[in-house]
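Visitor: Got a sequence here, can you build the structure:
(chains A and B)
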There are 2 protein chains.
Amino acid sequence: MAPPSSVPNGGAVTTGKPPVTSRVSSVYSEVQNSRLDHPLALPSVFQKPFKVVDGPSSSAAGNPDEIAKLFPSLFGQPSAVLEPSESNEPGSALKIGVVLSGGQAPGGHNVISGMFDYLQERCKGSTLYGFKGGPAGIMKGKYEILTPEYIYPYRNQGGFDMICSGRDKIETPEQFKQAEDTATKLDLDGLVVIGGDDSNTNACLLAEYFRSKNLKTRVIGCPKTIDGDLKCKEVPTSFGFDTACKIYAEQIGNVMIDARSTGKYYHFVRLMGRAASHITLECALQTHPNITLIGEEVASQKLTLKKVTNYIADVICKRADLGYNYGVILIPEGLIDFIPEVQTLIAELNEILAHETVDESGIWKQKLVPESLQLFELLPSAIQDQLLLERDPHGNVQVAKIETEKMLIQMVETELEQRKQVGQYTQQFKGQSHFFGYEGRCGLPSNFDSSYCYALGYGAGALLQSGKTGLISSVGNLAAPVAEWTVGGTPLTSLMDVERRHGKFKPVIKKAMVELDGAPFKKFASKREEWALQNRYISPGPIQFTGPVADISNHTLLLELGVQV
Amino acid sequence: MAPPSSVPNGGAVTTGKPPVTSRVSSVYSEVQNSRLDHPLALPSVFQKPFKVVDGPSSSAAGNPDEIAKLFPSLFGQPSAVLEPSESNEPGSALKIGVVLSGGQAPGGHNVISGMFDYLQERCKGSTLYGFKGGPAGIMKGKYEILTPEYIYPYRNQGGFDMICSGRDKIETPEQFKQAEDTATKLDLDGLVVIGGDDSNTNACLLAEYFRSKNLKTRVIGCPKTIDGDLKCKEVPTSFGFDTACKIYAEQIGNVMIDARSTGKYYHFVRLMGRAASHITLECALQTHPNITLIGEEVASQKLTLKKVTNYIADVICKRADLGYNYGVILIPEGLIDFIPEVQTLIAELNEILAHETVDESGIWKQKLVPESLQLFELLPSAIQDQLLLERDPHGNVQVAKIETEKMLIQMVETELEQRKQVGQYTQQFKGQSHFFGYEGRCGLPSNFDSSYCYALGYGAGALLQSGKTGLISSVGNLAAPVAEWTVGGTPLTSLMDVERRHGKFKPVIKKAMVELDGAPFKKFASKREEWALQNRYISPGPIQFTGPVADISNHTLLLELGVQV
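Guide: Residues are numbered from 1 along each chain as shown, chains lettered A, B, ... in the order given. Sure, this is the predicted structure:
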């Protein structure tokens, strides 16, 4: 078991530089290979000649006056819709860049494939530059010229490794200048930014900057995030959400069967989604867990951690009365960010820890306000230690590192122990913790995400060809078969509001939160009492790529589109 | 978000007794429903009249004299093989019991379905009793009479919840008597025990007991365990291994794509398999990770924890030289059980902790032998605390609770920090930990496990009908299409050896460990240097139930059967 002493031929380079991460499809699995040639349908508007038609002019999601000031060149521009036409405009060769920004989401490679195919078919002689490692690739001028051979192994495959991603932003004047230099040097006609809310805000700032400088480079965004929190009427969903939820739901369904078979564990499952609880809600709709915590509801009801604990303990006690000493509980990653008292405690701790030493006798606790002290004392000691000991480089408490599912298990255990002592609970509570995260971000995209992304990319190509900028690629009518999907672009400024930061207005695309009066939440709310006490578990099973169920999308999307599921 | 206040109709009962866990297929997912009617092929021997033919007489896996003493009625009996015949023996109605024993494995429900269908088709008028909650159900006489309606929703479905399982054993004279009483009361012709090595040993003891008492009740075992450590020449694999490994490999493949896309994390993945590392080896063969630790090799090379840490750090440093600062590492759950020095330390700690108090100044450590002290000091402090603070009800250190993947991350981090200080490593190491466990035990069985289990159950029916006892249902030639599979039974005594416990010989079916000179390990060993430094990642993707790849079984099985994969 000695470490390898030499580098065999192929694959790795020996320069110390990060090598090209291109894949070798010769080592693909059978399923990966079968996906390579999965046929991708296109919306029917692309089957015939089409034109890009302007819709009504737009405003902003909030504070239009401020948005207008921040985006003087772009504000108010109309949306764009693709419509059939008599004949296609002739397509001249274009130079287009593409960049992946932020965390991975299944389908990213298909957006690029869609753009590539559009350019190949409609704008012959075009060049597609893949900027490497995210926006930093734009700033540093690091790119790969994408060819059919380069792209082929990534078709319908998960991950972002065709050109990799990064979390840098183009923010400072110097960075905008760097982007300008790259655009000029490569003579770019357009740039497609595939990213989440922040990345699309950044894309819009870049579009504004390029236009204000009279550069010809147009910028188009694409809605990416497994979290599902970048959406609006025109952009019904972000890509990756469908696949990631299906992967998590498969695992949750399996754990449910395990819970029912074993009959003695409560499984606490933490799911990705720090800012919004869409993933947790969608997984609940797919699997029917006994308890589901939705951050937005916790915040709206101003629940305390104690109340959340009691709610879980109440259900466990009622289930015990029915003879069920097992269950499954879904928890969004960002749960504690939604609990106001936790935020207060964290803020106080950050303040105290910056100035005081934490004495063993606990005198430092006197600095906490009574409510915070009470909450701190309620926390399991491991969590207390974590809050006090683990800090980020700025000295702040690392809330993100708290394993919420383990914390809740301990708090519920303590609560049930107390109920036991007064005879309200007679069983043995055993919690099992799970975190389903990374394994969902890079799965093979579902048929829905494969087609949706391909259409987003194909549509982005059409928008660029028609000279549009500052739009986000928008594919609609998603409950219908692919052929009936609509294609167009929505002004990024119309998704924006402002936030005041450091005394300045900053444009932001507001994250789409779980709407408590929206159809997905209402369906969940109407069912959860039944799911709590009875066992209505559903096991969605692994994603199937062929067969009658392969093309069905997710509950959230369908319910929001008015389809009963 | 108040807890439910009333129990709606259906599903739950209100008596406080554990309710029947029968499923409601009306709430099945589309994939679950599609699996219900998945056609199950049978080995061709069942298509025509067949007879059960005796093979050569058998011995034991070790210490045949002792096994002969322990199983005077059964020792030496021949194996059984089903062969085509002119006409079938007439099948009279039988009364058969079935029990699920131990942890869940995908396919258990299909073993029962296979038995049921055999009895329905070949022994009309038979009754199948499903003993509930494992062997305790036999002792307590708790059962469900299985009907077509009862069984139908469980066909090709994961879990054990049709009749649930349990970990009790039939051990004491009183317990054997209880089992006898149940067998007599129900007038059982036979009993099928679906379980792992321990459960099949127990099945054999029961077969011996019944025969010694001249009871008519025969006992047949079935090889179940996702761990894959119950197998021999005649029983090429245990059921559930195929599905569980494919589920884990799907997740590992996704994490690999994530690692490559992000380019900055080392993912340490702990996999189930405490006693043997078959799951880890199979997942490595399916996915090509950069590092795979195989417990059996660690034990054979008498590696220390320090050496294991150094091996990982060596590969990480070499990869850093190549520009790769990410990777995936597979770790079997039972790794530290294979490291002799850890066992010594644990034994010493158990001794010390039973008699001493652990003083904060650390004087207690002087009781450790120097090697153990050195190892203890090497461990991350969180693990030290865990060893000292968390004990089982007998006061022993809870080795099973150590999160090996997290421990290794910390140890590798420390090692790399030291190398950094002497200039041998210049990168930033970031570890991410994963444990893939419960979500694999209860997945929807793969086509292979579905068919294999159905054949195991169908064959068990044939063995019982022909009056056999003390055999384990054996289905062979598994690399061929189902029609060509062989069916028979292997004497359980032939799998047995003895272990000396409390001064007495106890029969045991030896766990099948990873053979370091077996084809699966050798294939892995021949490839791992390439996998370590290059990125040969394979993403197997989700299990597909239809299409060209749906019926392929796992690498370990195929390699052991001499098939090149």
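Visitor: by how many degrees do the lowest-mean-pLDDT helix or strand in chain A and helix B:381-389 diverge?
Guide: Lowest mean confidence among the helices and strands of chain A (mean pLDDT, DSSP states H and E): helix A:381-389, at a mean of 84. Here helix A:381-389 runs at an angle of 150 degrees relative to helix B:381-389 (axes from the mean of the first three to the mean of the last three CA atoms, to 10 degrees).
Visitor: For helix A:381-389, name the packing helices and strands.
Guide: helix A:340-355, helix A:404-421 (3 or more CB pairs under 8 Å, 6 or more residues apart in numbering or on different chains; DSSP states H and E). The C-beta positions use only the backbone N, C-alpha and C, and glycine is treated the same way.
Visitor: please redo it, this time with the cut-off set to 6 Å
Guide: With contacts defined as 3 or more CB pairs under 6 Å, 6 or more residues apart in numbering or on different chains; DSSP states H and E, helix A:381-389 has no helix or strand neighbours.
Visitor: And that helix, what's buried?
Guide: A:Ile383, A:Gln386, A:Leu387 (16 or more other CB atoms under 10 Å in any protein chain shown).
Visitor: Let me have those in TSV, adding distance to A:Ile538 as columns.
Guide: Output for the buried residues of helix A:381-389, formatted as TSV (distance: CB to CB, whole Å):
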residue	distance to A:Ile538
A:Ile383	33
A:Gln386	35
A:Leu387	37
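Visitor: Considering the residues you listed, which is situated nearest to chain B?
Guide: For these, the closest approach to chain B (CB to the nearest CB) belongs to A:Gln386, at 10.9 Å.
Visitor: Ignoring the adjacent residues along the chain, who's closest to the closest one?
Guide: Spatial nearest neighbour of A:Gln386, excluding adjacent residues (CB to CB, 6 or more residues apart in numbering or on different chains): A:Ile402 at 6.3 Å.
Visitor: Same check on A:Pro43?
Guide: A:Trp485 (4.1 Å).
Visitor: from memory the one you found sits against A:Val475, does it?
Guide: Yes - between A:Trp485 and A:Val475 there is a contact under CB atoms under 6 Å: 5.4 Å.
Visitor: Spell out which residues are contacts of both of these two.
Guide: Counting by CB atoms under 6 Å, 6 or more residues apart in numbering or on different chains, the shared contacts of A:Trp485 and A:Val475 are A:Ala455.
Visitor: Comparing these two, which residue is more hemmed in?
Guide: Shown here are A:Trp485 and A:Val475; by other CB atoms under 10 Å in any protein chain shown, A:Val475 has more neighbours (30 against 22).
Visitor: Surely the more buried one is within a helix?
Guide: No - looking at A:Val475 with DSSP: H, G, I helix; E, B strand; the rest coil, it is strand, so not inside a helix.
Visitor: Tell me the one among the buried residues of helix A:381-389 nearest to A:Tyr458.
Guide: A:Gln386 (47.2 Å; CB to CB).
Visitor: In the stretch 51-200 of chain A, what residue lies closest to chain B?
Guide: A:Gly159 (3.6 Å).
Visitor: residues touching that residue, list them.
Guide: A:Gly159 touches A:Cys442, B:Ile257, B:Ser261, counting by CB under 6 Å, 6+ apart.
Visitor: Confirm for me that the first one is in contact with A:Gly158.
Guide: Yes - using CB under 6 Å, A:Cys442 makes contact with A:Gly158 at a distance of 4.5 Å.
Visitor: list residues touching both of these two?
Guide: B:Ile257.
Visitor: Kindly report the residues of the stretch 451-565 of chain A close to chain B.
Guide: Proximity of the stretch 451-565 of chain A to chain B (CB under 6 Å from any CB of the partner chain) is limited to residues A:529-530, A:532-534, A:536, A:538-543, A:546-547, A:549.
Visitor: ok, for the residue of the stretch 51-200 of chain A closest to chain B, nearest residue in space, not its chain neighbours?
Guide: Here the residue nearest A:Gly159, using CB to CB, 6+ apart, is B:Ile257, at 3.6 Å.
Visitor: Now do the same contact list for the one you found.
Guide: With CB under 6 Å, 6+ apart, B:Ile257 has these contacts: A:Gly158, A:Gly159, A:Cys442, B:Ser539.
Visitor: one more time with 10 Å, if that's ok
Guide: A:23, A:32, A:104, A:106, A:157-161, A:438-439, A:441-444, B:328, B:537, B:539 (CB atoms under 10 Å, 6 or more residues apart in numbering or on different chains).
Visitor: three-state assignment of it?
Guide: helix.
Visitor: Quickly note the distance from it to B:Ala136.
Guide: 44 Å (CB to CB, to the nearest Å).
Visitor: Can you show me the strands along the stretch 351-500 of chain A?
Guide: A:431-436, A:471-476, A:486-491, A:496-501 (DSSP state E, counting those that start in this stretch).
Visitor: cool, and the stretch 151-300 of chain A?
Guide: So, for the stretch 151-300 of chain A - with DSSP E, counting those that start in this stretch - the strands run A:165-166, A:190-195, A:218-223, A:266-271, A:291-292.
Visitor: Let's have the ones you listed in a markdown table, adding mean pLDDT and distance to chain B.
Guide: A markdown table is the format used below for the strands of the stretch 151-300 of chain A (pLDDT from 0 to 100; distance: least, CB to the nearest CB, whole Å):
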| stretch | mean pLDDT | distance to chain B |
| --- | --- | --- |
| strand A:165-166 | 94 | 7 |
| strand A:190-195 | 98 | 13 |
| strand A:218-223 | 98 | 17 |
| strand A:266-271 | 98 | 7 |
| strand A:291-292 | 98 | 9 |
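Visitor: In TSV, list those strands along with mean neighbour count and distance to A:Pro78.
Guide: Converted to TSV, the strands of the stretch 151-300 of chain A look like this (neighbours: other CB atoms under 10 Å in any protein chain shown; distance: least, CB to CB, whole Å):
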stretch	mean neighbour count	distance to A:Pro78
strand A:165-166	25	31
strand A:190-195	30	18
strand A:218-223	31	15
strand A:266-271	26	38
strand A:291-292	26	40
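Visitor: got those strands as TSV, with distance to B:Ala179 columns?
Guide: Below are the strands of the stretch 151-300 of chain A laid out as TSV (distance: least, CB to CB, whole Å):
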stretch	distance to B:Ala179
strand A:165-166	61
strand A:190-195	64
strand A:218-223	62
strand A:266-271	32
strand A:291-292	39
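Visitor: Looking at those strands, spot the one closest to A:Lys302.
Guide: Using CB to CB, the nearest of the strands of the stretch 151-300 of chain A to A:Lys302 is strand A:291-292, at 18.7 Å.
Visitor: Paired strands for the closest one, with orientation please.
Guide: Here strand A:291-292 has these sheet partners by DSSP bridges: strand A:327-332 (parallel).
Visitor: Show residues contacting stretch A:48-57.
Guide: With CB under 10 Å, 6+ apart, stretch A:48-57 has contacts from A:43-45, A:75-89, A:122, A:234, A:459, A:462-463, A:465-468, A:487-491, A:494.
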